[in-house]
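> what shape does this take:
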Amino acid sequence: MSFLAEPNDANYRGNVHGGKVMKWIDEIGYALSVQFTGKYCVTKFVDDIEFLKPINIGDLVKLVAEIVKVGESSLRIKIIVKSINLIKNISKTNCECFIIFVAVDENGNKVKIDL
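Next up is the predicted model:
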């Protein structure tokens with residue numbers, strides 16, 4: 001997932017809000033988990049979000065998600081957030097974390113992931 005950091009993503013210092021980054025992490029985790037399982041998935045747990053460097057307005061933001069473990073009804077996903085200053089061509093890692101999604105049915109009950 002990649003896009004430009006916009007002014008409405010930023011705080012008063014011109015850096016992207018941590019909450020906005022967390023939203024993007026949840027969105028890419030959701031997209032990967034649904035694509036992999038073919039089922040509706042919900043966030044169960046976010047582990048060890050570490051904000052390393054700020055994202056600035058105008059940076060190209062790139063999120064990379066990788067499934068690291070598949071359980072009976074859940075997925076553990078590693079997510080890395082990077083940004084690139086397009087003018088200076090400087091890339092940096094902004095954030096890393098693990099997130100767990102669970103496959104659920106229409107009543108919100110866990111369902112088995114068929115591989």
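> drop to CA atoms for contacts and neighbour counts, all remaining ones
Fine.
> so who does residue 72 touch?
Listed by C-alpha atoms under 8 Å, 6 or more residues apart in numbering, the contact partners of residue 72 are 112-113.
> pass me the low-pLDDT residue ranges in this protein, would you?
Residues of the chain meeting the criterion pLDDT under 70: none.
> contact partners for the most centrally placed residue in the chain?
For the chain, residue 25 is the residue whose C-alpha lies nearest the centre (C-alpha atoms, centre = their mean; 1.8 Å). Going by C-alpha under 8 Å, 6+ apart, residue 25 touches 63, 79.
> phi first, then psi, for it.
With angles defined as degrees, to the nearest 10, residue 25 sits at phi -60, psi -40.
> remind me, longest strand of this protein?
Counting by DSSP state E, the longest strand found in the chain is strand 90-103.
> buried sites along it?
Buried residues in strand 90-103, counted by 16 or more other C-alpha atoms under 10 Å: 93-103.
> also stretch 79-88?
Neighbour counts over stretch 79-88 (16+ other C-alpha under 10 Å) mark 79-85 as buried.
> tell me where this structure has helices.
Counting by DSSP state H, the chain has these helices, from start to end: 18-37.
> okay, and which of the buried residues of stretch 79-88 map to strands?
79-85.
> those: which two are farthest apart?
By the measure C-alpha to C-alpha, 79 and 85 form the most distant pair in these, at 20.2 Å.
> burial count for the residue lying closest to residue 103 once chain neighbours are set aside?
Counting by C-alpha to C-alpha, 6 or more residues apart in numbering, residue 41 is the residue found nearest to residue 103 once chain neighbours are left out, at 4.3 Å. Using other C-alpha atoms under 10 Å, residue 41 is surrounded by 26 other residues.
> also residue 69?
Number of residues near residue 69 (other C-alpha under 10 Å) recorded here: 11.
> what is it paired to in the beta sheet?
Under DSSP bridges, the beta-bridge partners of residue 69 are residue 76.
> ok, it - contacts?
Contacts for residue 69 (C-alpha under 8 Å, 6+ apart) come out as 75-77.
> quick one: which of those residues is nearest residue 14?
residue 77 (29.2 Å).
> so who does the closest residue to the closest one other than its chain neighbours touch?
In this structure, residue 77 finds its nearest non-sequential neighbour in residue 67, 4.4 Å apart by C-alpha to C-alpha, 6+ apart. By C-alpha under 8 Å, 6+ apart, the residues touching residue 67 are 75-78.
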